[in-house]
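Colleague: Just the structure for this:
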Amino acid sequence: MRAVRSASARPAGRVALAEAAVVTEWAGAALVCACADGTVVADGRPVPGHPPGPGVVTALAWGPGQEPASIDHLGAVRAGPSLQGLGGWGRRLWWSDPGRLVAVTSEGVHAGPPGGLAPLVGDLGHVRDACLLPAGRLAVGTADGVAFVDHQRGSVDCRRTGTMACALALSASGEVLGVGAASGSVHVVSLGSGAGVEIEGYGVPLRLLAWCGEHLAVAAGRDVTAWPVTAEGRVPADEPVRVAQGEAPVTALAAPPSAAVVAAGDRAGAVRLAAPDRDGEPLAALALPAPVVGLAWSADGSRLAAACADGSVHRFDVALG
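Modeller: Purely as a prediction, here's the structure:
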């Protein structure tokens with residue numbers, strides 16, 4: 001993971017959508033957006049074989065050599081010609097291997113071939129978020145904690161209870177999980193030892209987390225702060241580093257997997273690129289025409305996409321020095 005001392009962002013195109021993008025991500029070289037009207041577009045063009053469904057798409061799965069799959073707010077999974085209703089609110093979706101999907105709804109975990117997904121784990125409590133872990137496991141954030149699920153065997157390995165989990169973020173090493181809680185605290189969990197640390201004091205539900213190198217970045221109100229975290233899941237600091245502060249609440253947060261930098265978009269349409277060692281001084285600042293609803297980095301950290309509430313999606317070529 002390389003440190004970042006400077007950054008520049010050059011506009012590289014704009015896509016106008018009929019509705020705001022609910023999901024924005026890179027699939028290889030293509031920028032894929034799922035819109036509020038149910039359409040899925042790649043580089044501004046509808047994805048062939050993936051017509052709009054009845055609900056708002058909440059997650060995409062786009063694997064190498066696979067047709068895209070989506071899940072919507074009605075719990076319906078679409079993959080090619082198949083459309084299957086699972087019930088609940090669609091949270092996350094992955095291809096676990098060719099021909100097999102893992103879908104997470106507010107009611108539980110489902111797995112199987114497209115059109116034939118079956119309940120794998122239920123009775124988890126109201127599911128808020130989920131994160132794919134190494135070795136065929138999932139972390140599932142619920143109304144009363146986090147459940148660790150083996151989606152190959154369909155078993156719950158263990159549970160950590162006591163807090164409503166709003167957001168999950170896995171470190172680039174795959175060794176540490178960050179959990180944002182409705183109580184305004186952050187939990188840092190070592191997946192190897194199971195040990196955990198709770199960081200209190202934010203005072204608001206924490207729904208935006210991102211790993212910025214070896215720091216866990218947390219958005220709360222107008223601020224983005226970051227905590228150093230060791231590979232064993234320890235937090236050797238009494239106070240966080242202020243990474244960025246804007247004039248409006250932060251609405252989107254994203255970091256590339258290969259560099260210690262984070263992008264924060266806010267309700268005023270500003271996007272700031274920042275690093276933990278800059279003491280709140282942004283590396284670059286971008287002004288967009290509407291509130292930012294989504295940010296996505298390409299896998300190599302050379303491109304950044306920012307989706308706005310007015311249906312525009314802006315692309316930038318980024319140089320990280």
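
Colleague: Low-confidence bits of this structure, can you list those?
Modeller: By pLDDT under 70, the low-scoring segments of the chain are 64, 66, 280.

Colleague: All the helices of it, residue numbers only.
Modeller: Remark: helices of the chain are absent; assignment by DSSP state H.

Colleague: give me the number of residues near residue 252?
Modeller: Per other Cβ atoms under 10 Å, the neighbour tally for residue 252 reads 23. C-beta here means a position set from N, CA and C on the backbone, and glycine is covered the same way.

Colleague: Residue 125 too?
Modeller: Neighbours around residue 125, by other Cβ under 10 Å: 19.

Colleague: Could you find the closest non-adjacent residue to it?
Modeller: Excluding its sequence neighbours, the residue lying closest to residue 125 (Cβ to Cβ, 6 or more residues apart in numbering) is residue 142, at 3.8 Å.

Colleague: List the contacts of residue 10.
Modeller: 316, 317, 318, 319 (Cβ atoms under 8 Å, 6 or more residues apart in numbering).

Colleague: switch to 6 Å and redo it
Modeller: By Cβ atoms under 6 Å, 6 or more residues apart in numbering, the contact set of residue 10 is residue 317.

Colleague: From residue 155, how far out is it?
Modeller: Going from residue 10 to residue 155 by Cβ to Cβ, to the nearest Å gives 49 Å.

Colleague: do the same with residue 254
Modeller: Distance, residue 254 to residue 155, using Cβ to Cβ: 32 Å.

Colleague: Looking at those two, which is more packed in?
Modeller: residue 254 (21 against 11).

Colleague: ok, for that one, nearest residue in space, not its chain neighbours?
Modeller: Nearest non-adjacent residue to residue 254, counting by Cβ to Cβ, 6+ apart: residue 295, 3.9 Å away.

Colleague: Count the neighbours of the one you found for me.
Modeller: By other Cβ under 10 Å, neighbour count at residue 295 equals 21.

Colleague: Show the contacting residues for it.
Modeller: Residue 295 neighbours (Cβ under 6 Å, 6+ apart): 252, 254, 263, 265, 306.

Colleague: Provide a list of residues in contact with residue 207.
Modeller: Residue 207 touches 166, 167, counting by Cβ under 6 Å, 6+ apart.

Colleague: Same check on residue 232?
Modeller: The neighbourhood of residue 232, defined by Cβ under 6 Å, 6+ apart, consists of residue 190.

Colleague: one more time with 8 Å, if that's ok
Modeller: Neighbour list for residue 232: 190, 192, 193, 195 [criterion: Cβ under 8 Å, 6+ apart].

Colleague: The first one contacts residue 174, correct?
Modeller: This means residue 190. No - counting by Cβ atoms under 8 Å, residue 190 sits too far from residue 174 to count as a contact (11.4 Å).

Colleague: Compare the two (neighbour count), which wins?
Modeller: It is residue 190, of residue 190 and residue 174, that has more neighbours when counted by other Cβ under 10 Å, with 18 against 13.

Colleague: List the contacts of the more buried one.
Modeller: Neighbour list for residue 190: 175, 176, 196, 232, 233 [criterion: Cβ under 8 Å, 6+ apart].

Colleague: try it again with 6 Å
Modeller: 176, 232, 233.

Colleague: Pull the contacting residues for the first one.
Modeller: When the contact criterion is Cβ under 6 Å, 6+ apart, the partners of residue 176 are 190, 229, 233.

Colleague: redo that, cut-off 7 Å
Modeller: Each residue near residue 176 by Cβ atoms under 7 Å, 6 or more residues apart in numbering is listed here: 188, 189, 190, 191, 229, 233.

Colleague: Buried ones from those, can you make that a ChimeraX selection?
Modeller: Burial among the contacts of residue 176 is assessed by 16 or more other Cβ atoms under 10 Å; the matching ChimeraX selection reads:
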select :188,189,190,191,229,233
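
Colleague: if I look at the closest residue to residue 70 other than its chain neighbours, how far off is residue 166?
Modeller: In space, and not counting its chain neighbours, residue 70 is closest to residue 57: 4.7 Å by Cβ to Cβ, 6+ apart. As judged by Cβ to Cβ, residue 57 and residue 166 stand 21 Å apart.

Colleague: Give me the more crowded residue out of the two.
Modeller: Higher neighbour count among residue 57 and residue 166: residue 57, with 27 against 20, using other Cβ under 10 Å.
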